[in-house]
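> 3D, please:
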Amino acid sequence: MTSSESPVPSLREIAELSHAWPFEEARKLVLRLKRKPKDEVIFETGYGPSGLPHIGTFGEVARTTMVRHAFRVLTDDKIKTRLIAFSDDMDGLRKVPDNVPNKEMMARHLGKPLTQVPDPFGTHDSFAAHNNARLRAFLDQFGFEYEFMSSTACYTAGKFDTTLLTMLSHFEAVMAVMLPSLREERAQTYSPFLPIDAKTGFVLQVPVVEHDAKAGTITYEHDGERITTLVTGGRCKLQWKPDWAMRWVALGVDYEMAGKDLIDSVKLSSEICRALGGAPPEGFNYELFLDENGQKISKSKGNGLTIDEWLRYASPESLSLFMYREPKAAKRLYFDVIPRHVDDYLQFLDAYPRQALKEQLGNPVWHIHGGAPPPPDNPVPFAMLLSLVTASNAANADTLWGFIGRYRPGVTPQSHPRLAALVDYAINYYRDFVAPKKTFREPGATERAALIDLRDALSQLPPDADAQAIQDVVYEVGRREPFLDEKKKAKDGKPGVSLDWFNMLYQVLLGQEKGPRFGSFVAAYGIQNTIGMIDGALARSA
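Numbering: from 1, shown residues only. Prediction:
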């Protein structure tokens with residue numbers, strides 16, 4: 001390096017200035033450590049196994065993992081980190097979820113800790129064990145590095161005992177935080193400690209009449225009896241806001257994000273955490289996922305996409321992209337968002353090798369793949385595959401590969417395994433969502449005339465015409481009213497063609513709103529096949 005040259009900034013130096021949200025979050029942790037140094041940073045995500053795991057649960061782990069990796073970059077990986085996936089499986093079952101079998105059996109166990117409720121699916125020792133296994137199986141499949149922790153195991157093994165006794169000794173301070181947030185009626189009987197009935201195993205919502213910090217006990221009244229019990233060893237659990245705060249202190253949690261619906265809960269738990277002598281973790285409140293009707297997704301209602309459903313139609317990486325994008329903005333999480341995220345992921349991946357390091361750190365694939373994205377290698381967009389399946393009603397992958405071979409000679413399932421997975425996704429998506437709802441719009445008189453002209457123009461092309469030659473023909477035929485766009489100018493200076501022309505082609509010919517570049521689609525589907533498709537549309541509307 002000469003004296004006139006500037007030193008090349010390091011990865012860490014560039015990351016310190018990055019506007020990507022995981023780095024912005026990680027910088028909070030760097031400042032936290034400057035205020036109070038420690039040898040290990042603990043990240044936590046919480047899961048309530050009262051319902052089947054859903055994508056929102058996965059999203060919290062994925063996003064926290066991105067922040068964890070960003071923190072490791074900002075600290076040159078010199079500080080040990082752990083990610084705890086914590087299951088609140090000692091909570092009492094409040095209601096039977098809508099999306100499980102054997103509801104009557106489960107109803108008999110309302111009020112018991114989730115680890116004491118039999119598994120309605122009959123595959124595990126308890127309902128909590130079933131749901132915990134479902135969550136862990138997916139996190140393992142995705143390759144997350146995490147430590148699973150069960151609330152029941154922590155309580156019964158004594159892991160929380162010291163902090164539980166601390167909370168008992170600060171009983172009045174905790175009550176002072178909680179009581180103003182409660183309705184008057186509930187405030188009269190509220191206690192942060194919930195005893196577990198030794199006879200029935202139920203989590204009891206009963207008033208505590210005495211508490212003894214030195215003895216480590218509470219006394220409560222139930223069924224006409226006055227009962228004294230230790231708060232340690234799994235004999236009690238905490239109400240969930242005090243429980244959250246206790247966990248932060250007991251586990252030394254430094255970072256945990258939460259949904260926007262928990263903003264007030266975070267504030268209360270943070271106050272309790274401070275009352276116990278702890279420091280609330282860093283984090284932020286992400287927006288909620290909405291279903292097709294704009295309603296909040298609920299584990300118990302099962303009204304959102306499941307993890308398994310997304311993975312039937314798209315890659316795990318596309319799901320990670322959905323989670324990465326705008327975490328503080330409310331987003332619809334429904335089947336119709338899947339195709340765009342598949343292709344957007346592929347486009348981000350394709351752009352990555354051409355970017356400078358600064359831009360790479362702002363590219364979602366850097367965060368999705370922990371700083372090491374795979375090389376791009378996808379010659380056919382997902383939107384193209386969906387259009388090919390729609391046009392051909394393809395029932396198997398062999399049909400699609402015939403079109404792919406015409407469009408990209410030499411591309412096979414063996415040479416492009418990731419494309420092979422996309423083919424299967426496209427067929428599944430078509431069968432489940434496109435085919436049942438496919439409707440063809442009838443063309444108007446002007447549109448019929450344009451389709452006839454397009455058919456005739458395509459018939460003049462050689463069978464092996466490339467995508468650009470076909471696109472030029474399609475564009476020229478569409479250069480007419482009502483498809484002219486005077487605001488756009490072609491290279492020859494003539495008026496441009498509006499998207500209405502191309503949208504009409506997809507709506508009339510394929511029964512879908514939009515599609516990939518039409519010239520590329522025709523090159524893959526075949527000119528004669530496309531002419532036949534136009535003839536079919538003209539016949540339907542004759």
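
> where does the prediction get shaky in the stretch 201-350 of the chain?
Within the stretch 201-350 of the chain, the ranges that satisfy pLDDT under 70 run 298-304.

> now do the helices in it.
For the stretch 201-350 of the chain, the helices defined by DSSP state H, counting those that start in this stretch cover 240-251, 263-275, 307-313, 316-324, 338-351.

> for Ala523, which of the ones you listed is the nearest?
helix 338-351 (17.9 Å; C-beta to C-beta). C-beta coordinates here come from the backbone N, C-alpha and C atoms, glycine included.

> please state the offset of the closest one from the chain centre?
15 Å (C-alpha atoms, centre = their mean, to the nearest Å).

> only the buried residues of that helix, if you could.
Neighbour counts over helix 338-351 (16 or more other C-beta atoms under 10 Å) mark 338-339, 341-346, 348-349 as buried.

> output the helices of the stretch 201-350 of the chain as TSV; include the columns distance to Glu147.
Output for the helices of the stretch 201-350 of the chain, formatted as TSV (distance: least, C-beta to C-beta, whole Å):
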stretch	distance to Glu147
helix 240-251	10
helix 263-275	21
helix 307-313	20
helix 316-324	21
helix 338-351	28
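
> sorry, back to before: from the buried residues of helix 338-351, which is closest to Pro364?
The closest of the buried residues of helix 338-351, once distances to Pro364 are taken by C-beta to C-beta, is Phe348, at 5.4 Å.

> who are the contact partners of the closest one?
Listed by C-beta atoms under 8 Å, 6 or more residues apart in numbering, the contact partners of Phe348 are 321, 363-365.

> check the residues you listed and tell me the two furthest apart.
Maximum distance among the contacts of Phe348 (C-beta to C-beta): 10.6 Å, for Leu321 and Asn363.

> who has more neighbours out of the two?
Leu321 (24 against 17; other C-beta atoms under 10 Å).

> name the nearest residue to that one, ignoring sequence neighbours.
Tyr345 (4.6 Å; C-beta to C-beta, 6 or more residues apart in numbering).

> shouldn't the one you found be in contact with Leu319?
No. Contact criterion C-beta atoms under 8 Å: Tyr345 and Leu319 do not qualify, at 9.2 Å.

> now do the helices in the stretch 51-200 of the chain.
Using DSSP H, counting those that start in this stretch, helices in the stretch 51-200 of the chain cover 55-74, 103-107, 127-142, 151-157, 161-169, 171-178, 184-187.

> out of the ones you listed, flag the one nearest Leu451.
helix 55-74 (41.1 Å).

> contacts for stretch 225-237?
Contacts for stretch 225-237 (C-beta under 8 Å, 6+ apart): 90-91, 113, 151-152, 155-158, 161, 164-165, 168, 193-196, 198, 203, 209-210, 216-221, 243.

> same check, this time on stretch 365-373
In contact with stretch 365-373 (C-beta under 8 Å, 6+ apart) are residues 20, 22, 65-66, 69-70, 73, 317, 320-321, 324, 345, 348-349, 352, 360, 363.

> tell me the contacts of Arg480?
Counted by C-beta under 8 Å, 6+ apart, Arg480 has contacts Ala450.

> now it: phi and psi?
phi -160, psi 160 (degrees, to the nearest 10).
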